[in-house]
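J.: this one's structure only:
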């Protein structure tokens, strides 16, 4: 295999396997008889179309379910309920932001304690157990699963669907607090139905438990109503409305044509998915079927390989970025900084321009961790990193040195200029309000500043920085200490 293909060897094998599968299955279909194709339609093609439609439907439900779960597990929402719902405007603003950010039809919260219905535009009447319109809340409350799904279909547009996901909210002890919910428009499902109908000639539609058509493609609009009253299919309507989630196929006659129909129950929605096709459509020349299936297979294979290749490239790029970055702060990590310092030192020695550094750490971060937890300490580290990045010069290179220590490499910068930058950084941290993270703490930093001397080793330079930082901390913290210039490099460690 050529060397340039070595990183993508797995993708090459996947391509070979996919292409082999496409040609193999298409060739097998080409030599199949009409009778075998009819059985294949009933036993494989129609159920597979149903699987595809169901998988897309589940994918569409995944996003509103994730949003509803995020709301239900939001510590702000939980604490607001536990604290007595004292500021309704705050939760209304929260719901309005969720609705706007997610492009939702609505976002809402119902409290078990007060039975109030909060939504993005205010507060509605309380939830009543004897009101049929509020039954969804009590179904969600008593459900054995975290969330339930309801679907609303526009009576004027049978392809317009709004999905509502209601998620149970519990406190830390597992007690029921209320229900969060989100409503999102689902447009992909209608487009998928139309695309499949054009590609395979199948007809796809959904019916409720009573047999009423609730969602259908354009070719089945005439069935808008009950299956029990539709010509032909009314004879098997009761059989189609089975409660098995596994697909089962039936047949009926309409206008003298034999129709095969696959039916399955979707417990998530309480609907039945029906996929049907004329058996006579298989009279189309087998060669045309062969060419069509081949083109479809190659197209899907090309799309799959393109997506896999794109994913692999992005993953490799992400790994390359992560290898040189500190996960917590987003700054360079120590290994990446060592490489930057090595090249900067060589450049400074060639050009004769000064090279300086600032080593600083956060004062009493250990006490913050002990008093407020490591999550608060991590937030302080992230915020200090952001302030450092925005305060130092654009040409300076900040990095995470380790623990609560940070380092900044200042290219073409004298010791006096470095001290000025360090003081600016100290003031920025000293004046910043960290009360949202640690209300009872004033965050400060101590800094050591040094200029790299000619022919000085990296170890000696960093030792001088560390010694200056130690003096700054010993002198009372929240201050900087400038390392004096030296004539000779510090001795190498034994």
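T.: Great, that's in hand. Remember, it's a predicted structure, so these values are computed and weren't measured experimentally.
J.: any idea how far the nearest residue to residue 330 once chain neighbours are set aside is from residue 344?
T.: Of all residues not flanking residue 330 in the chain, residue 385 sits nearest, at 6.8 Å (CB to CB, 6 or more residues apart in numbering). From N, CA and C alone the C-beta is placed, and that goes for glycine too. Separation of residue 385 from residue 344 (CB to CB, to the nearest Å): 20 Å.
J.: do the same with residue 480
T.: 21 Å.
J.: And for residue 454?
T.: Residue 454 is 14 Å from residue 344, where distance means CB to CB.
J.: So for these two, which sits in the more crowded spot?
T.: Neighbours were counted for residue 454 and for residue 344 using other CB atoms under 10 Å; residue 344 has more, 20 against 9.
J.: Go ahead and confirm that one touches residue 411.
T.: Yes - under the criterion of CB atoms under 8 Å, residue 344 makes contact with residue 411 at 5.6 Å.
J.: Quick check: neighbours shared by those two?
T.: 355, 397 (CB atoms under 8 Å, 6 or more residues apart in numbering).
J.: and the helix or strand hosting the residue nearest to residue 330, average pLDDT?
T.: Secondary structure assignment for residue 385, by DSSP states H and E: helix 374-391. Throughout helix 374-391, pLDDT has a mean value of 94.
J.: Show me what the next helix or strand after it is packed against.
T.: Following helix 374-391 in sequence order, the next helix or strand is strand 397-402 (DSSP H and E). Under the contact definition 3 or more CB pairs under 8 Å, 6 or more residues apart in numbering; DSSP states H and E, strand 397-402 sits against helix 334-351, helix 374-391, strand 405-411.
J.: For residue 151, find the nearest of the ones you listed.
T.: helix 374-391 (38.6 Å; CB to CB).
J.: which stretches of the chain form helices?
T.: Under the criterion DSSP state H, the chain contains helices at 9-30, 34-40, 46-72, 75-82, 88-102, 135-142, 188-200, 237-240, 286-323, 334-351, 365-372, 374-391, 415-431, 458-474.
J.: Which residues belonging to the fourth one are considered buried?
T.: To tie it back to what came earlier, the one meant is helix 75-82. 77-78, 80-81 (16 or more other CB atoms under 10 Å).
J.: and which of those is nearest to residue 135?
T.: residue 81 (21.8 Å).
J.: what about the nearest residue to that closest one once chain neighbours are set aside, how many neighbours?
T.: Leaving aside its sequence neighbours, residue 81 sits nearest to residue 177 (CB to CB, 6+ apart; 5.0 Å). By the criterion of other CB under 10 Å, residue 177 has 20 neighbours.
J.: ditto for residue 152
T.: With other CB under 10 Å as criterion, residue 152 counts 13.
J.: That one contacts residue 185, correct?
T.: No - in this structure residue 152 lies outside contact range of residue 185 using CB under 8 Å: 10.0 Å.
J.: among the helices and strands packed on strand 397-402, which is nearest residue 442?
T.: helix 374-391 (11.6 Å).
J.: Verify the stated contact: residue 368 with residue 377.
T.: Yes - counting by CB under 8 Å, residue 377 is a contact partner of residue 368 at 5.2 Å.
J.: These two: which has the busier surroundings?
T.: Using other CB under 10 Å as the criterion, residue 368 and residue 377 rank with residue 368 on top: 24 against 21.
J.: what is the mean pLDDT for stretch 334-343?
T.: 90.
J.: Excluding chain neighbours, what is closest to residue 348?
T.: residue 355 (4.0 Å).
J.: Hmm, that neighbour is touching residue 410, no?
T.: Yes - at 7.2 Å, residue 355 counts as touching residue 410 under the criterion of CB under 8 Å.
J.: Now do the contacts for the residue nearest to residue 348.
T.: 344-345, 348, 409-413, 451-452.
J.: What is the neighbour count of the residue nearest to residue 206 when sequence neighbours are not counted?
T.: Spatial nearest neighbour of residue 206, chain neighbours left out: residue 215 (4.2 Å); criterion: CB to CB, 6+ apart. Residues near residue 215, counting by other CB under 10 Å, number 24.
J.: Begin at 37, not 1, for the rest of this chat.
T.: From this message on, residue numbering opens at 37, which makes the last subject residue 251.
J.: Residue 197 is in contact with residue 251, correct?
T.: Yes - Residue 251 lies in contact with residue 197 (CB under 8 Å); the separation is 6.4 Å.
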